[in-house]
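Student: Predicted structure and sequence below. I'll ask about it afterward.
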Amino acid sequence: MAKIILGKRPESFKRKVKFAMLDGTEGAIMCDFKYRTKKEFGEFIDSITKTAKAEADQIGEEADTTVTLGDLLGRAVEKNAIYLLDILKGWDVDAELNQESAEQLANELPGAVAAIMETYRAAVADGRLGN
């Protein structure tokens, strides 16, 4: 059993994230997650919430603009990609981890992104392993 040494933070931690593919098979991505303490994770989510509120307020000011479902889903894909880049140091997908590949994953396999986000939350906020 490993000895506990408080204050010796890892830079990252790895988890294999499994998720259902669209064809019913199981997909998996090995994710190298950025380490955050529980408190740091809360602050991270607070910053995302603050940014989302500011953007919603701005959209509210531009209420005469027509917003389509395509606009909303496109924005969700973009925001999911930004989130992935904020929590991942790397992955074993056949594409470099960047804004474009993260958006492509969010657009083509939204279930994979949801599983990655939940695995990260469970690990840093709850201290749970696996997904």
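Tutor: The structure has been received and is ready for your questions.

Student: so residue 116 touches residue 31, yeah?
Tutor: Yes. With contacts counted by CB atoms under 8 Å, residue 116 reaches residue 31, the gap being 5.9 Å. Yep, even glycine has a C-beta here, placed from its N, CA and C like the rest.

Student: any common contacting residues for these two?
Tutor: Shared contacts of residue 116 and residue 31, defined by CB atoms under 8 Å, 6 or more residues apart in numbering, comprise 17, 88.

Student: Where in the protein is the helix or strand with the lowest mean pLDDT?
Tutor: Every helix and strand in the chain was compared by mean pLDDT, DSSP states H and E; the lowest is helix 38-61, with a mean of 88.

Student: contacting residues around the helix or strand that it is followed by?
Tutor: Later in the chain than helix 38-61, the nearest helix or strand by DSSP states H and E is helix 69-87. Here helix 69-87 makes contact (CB under 8 Å, 6+ apart) with 33-34, 44, 48, 52, 97-99, 102-103, 105-107, 110, 113, 116-117, 120.

Student: Show me how far helix 69-87 is from its chain's centre.
Tutor: Helix 69-87 has its C-alpha centroid displaced from the chain centroid by 10 Å (CA atoms, centre = their mean, to the nearest Å).

Student: so after it, what's the next helix or strand?
Tutor: As assigned by DSSP H and E, the chain's next helix or strand after helix 69-87 is strand 88-91.

Student: before we move on, back to that, tilt between the least confident helix or strand of the chain and helix 69-87?
Tutor: 160 degrees (axes from the mean of the first three to the mean of the last three CA atoms, to 10 degrees).

Student: low-scoring pLDDT stretches of the chain, where are they?
Tutor: Scanning the chain for pLDDT under 70 picks out 59-65, 129-131.
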